[in-house]
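Peer 1: coordinates only, sequence not included:
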């Protein structure tokens with residue numbers, strides 16, 4: 001059974017799996033969990049680099065689409081945008097999100113925790129450690145922001161490694177990594193964007 005909820009993600013006896021990273025932990029298990037979407041797409045990009053250079057610290061900022069709140073989130077964004085553009089309202093209504101999302105960004109996804117991070121942000125920390133087999137105090141920090149796009153989350157990741165990073169080797173590793181599409185040609189205006197990433201199974205990685 002593959003559980004797509006958060007019910008078992010932090011259960012020590014239930015593997016938390018990104019197949020491209022740690023498929024081996026599923027052997028002999030009848031129940032496995034999959035991670036939060038934010039964690040999964042970030043680790044797909046980081047793991048090939050970790051295997052080469054050894055991740056030491058990760059700081060992530062996310063720019064998450066309305067789809068993270070399901071169809072009601074997309075509907076609220078679309079209907080709210082339409083109401084403002086039509087002149088019906090100066091500011092869109094909000095029921096799904098903590099504030100109106102059209103023409104706005106909201107640095108708040110899920111509930112705030114006692115440490116000042118939101119639960120969405122802490123998911124990245126907790127799940128990165130578990131999936132990658134890192135220590136419980138491995139340094140990971142995330143800031144999660146909701147933005148007014150309909151689909152495809154984006155992330156900016158600052159990663160520090162134990163070994164010096166060779167960019168050519170990093171590019172090659174990402175080009176060869178399953179589930180990853182390297183889109184990194186700024187001279188020709190090619191880089192990851194929700195507009196091009198939406199509808200694909202592979203994640204886009206660029207701006208190395």
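Peer 2: Thanks, I have it. For clarity, every value in this text was computed on a predicted model and none was experimentally measured.
Peer 1: The most centrally placed residue in the chain and residue 109: what is the separation?
Peer 2: With distances taken as CA atoms, centre = their mean, the residue of the chain nearest its centroid is residue 38 (2.2 Å). Noted for residue 38: a distance of 9 Å to residue 109, by CB to CB, to the nearest Å. For glycine as for every other residue, the C-beta is placed from the backbone atoms N, C-alpha and C.
Peer 1: Find residues that contact each of these two.
Peer 2: 64, 120, 144 (CB atoms under 8 Å, 6 or more residues apart in numbering).
Peer 1: any chance of those residues in a markdown table, with neighbour count too?
Peer 2: Listed next are those as a markdown table, based on neighbours: other CB atoms under 10 Å:
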| residue | neighbour count |
| --- | --- |
| 64 | 23 |
| 120 | 23 |
| 144 | 27 |
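Peer 1: Restricted to strands, list the residues you listed.
Peer 2: 64, 144 (DSSP state E).
Peer 1: With respect to residue 175, which of the shared contacts of residue 38 and residue 109 is nearest?
Peer 2: Proximity of those to residue 175 (CB to CB) peaks at residue 64, which lies at 26.2 Å.
Peer 1: mind listing the helices in this structure by residue range?
Peer 2: 19-22, 37-53, 70-85, 119-132, 167-176, 194-197 (DSSP state H).
Peer 1: residues in contact with the second one?
Peer 2: Residues outside helix 37-53 that contact it (CB under 8 Å, 6+ apart) are 18, 20-21, 34-35, 55, 58, 60, 62, 64, 68, 120, 123-124, 127-128, 131-132, 142, 144, 153, 155, 157, 159, 161-165, 169-170, 173-174, 176-177, 179-180, 203, 205.
Peer 1: again, only this time at 6 Å
Peer 2: 18, 21, 60, 62, 124, 127, 155, 161, 163, 165, 170, 173-174, 177, 179-180, 203, 205 (CB atoms under 6 Å, 6 or more residues apart in numbering).
Peer 1: now do the fourth one
Peer 2: Residues outside helix 119-132 that contact it (CB under 6 Å, 6+ apart) are 16, 18, 22, 35-36, 38-39, 109-111, 113, 138, 140, 142, 144.
Peer 1: just how off-centre is stretch 146-163 within its chain?
Peer 2: 6 Å (CA atoms, centre = their mean, to the nearest Å).
Peer 1: oh, I was asking about stretch 56-63
Peer 2: That offset, for stretch 56-63, works out to 10 Å (CA atoms, centre = their mean).
Peer 1: tell me which residues in that stretch are buried?
Peer 2: 58, 60, 61, 62, 63 (16 or more other CB atoms under 10 Å).
Peer 1: and if you look at stretch 174-194?
Peer 2: 174, 177, 179, 180, 181, 182, 183, 184, 192, 194.
Peer 1: Quickly list what the fourth one is bridged to.
Peer 2: Yep, that's residue 180 we're talking about. Here residue 180 sits in beta bridges with residue 203, going by DSSP bridges.
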